[in-house]
Structures are given as structure tokens and as C-alpha cells.
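1. Model the structure of this input:
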Amino acid sequence: MTYKQIKWLILLIPTLTSATWEYVRHKYLLPYIFMEVGNLLSPVFVFLVTMIVVVKLFKILEHMKEELEKEKAQKSILEEREKLSRELHDSIAQTLFLLSVKE
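-> Numbering: from 1, shown residues only. As a prediction, the model looks like this:
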């Protein structure tokens, strides 16, 4: 799952849960559940679904962020190593050239 998809799911899941609950409540459960009880159950139901699903998505998002930070750190280490090796190579090459010129 991409970063963008996860962000959209985090935004849409509570909205779709609320819309689905309200539709089902008004279409099928109105004869069985009073309006006041349904109004009290709506935020509870949306909160439970959000906690179950969206928390998992946040964990995935955090894991992706941690991996990205590790990759950036490794990349910077490799770039620094490459820079040092180039400098050492150039320094050794210059020293050898000077030695060959002096003789």
C-alpha cells in the first residue's frame, strides 16, 4: 500500500463508517432502535471501527516512515564513504605522481 493510499484510507474510513451506520440504522433498524439510542450509538460505533482499522493504518504509516529514515541514513553513510574513498584515491595518486616526477 502506498503512502497516499494510507492517508486517504485514514480519512475515508471514519466517514464511510458513519455513513454506512446511518444508512443501515435509518433503513433497517429504525423500528428496533429508538432515535435517541441510535444517536448515542453512532459515535461509539464509529470510534470502535476507527480504533480497530485506522490504528493499524497509522502503525503501517509509522513503519514506512521509520524505514525511510533508515534508508536515508544508510544513503548518507554510503555517500560519505564514497567521498572519503575518492579523496584518498586522489591523494595517493598525487603522491605517487610526485614520487615518479622526483626520480
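2. list the buried ones in the helix or strand where residue 13 lies?
-> Using DSSP states H and E, residue 13 falls within helix 3-24. Buried residues in helix 3-24, counted by 16 or more other CB atoms under 10 Å: 6, 9-10, 13, 17-18, 21. Just so you know, the C-beta spots here come from the backbone N, C-alpha and C atoms, and that holds for glycine as well.
3. ditto for stretch 48-64
-> Under 16+ other CB under 10 Å, the buried positions of stretch 48-64 are 49-50, 54, 57, 61.
4. Which residues does that stretch contact?
-> Outside stretch 48-64, the residues that touch it by CB atoms under 8 Å, 6 or more residues apart in numbering are 1, 3, 6-7, 9-10, 13-14, 17.
5. what would those residues look like in TSV with pLDDT?
-> Shown next, in TSV, are the contacts of stretch 48-64 (pLDDT from 0 to 100):
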residue	pLDDT
1	85
3	89
6	93
7	92
9	94
10	92
13	94
14	93
17	93
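6. hmm, back to that, check which element follows the helix holding residue 13 along the chain.
-> helix 35-102.
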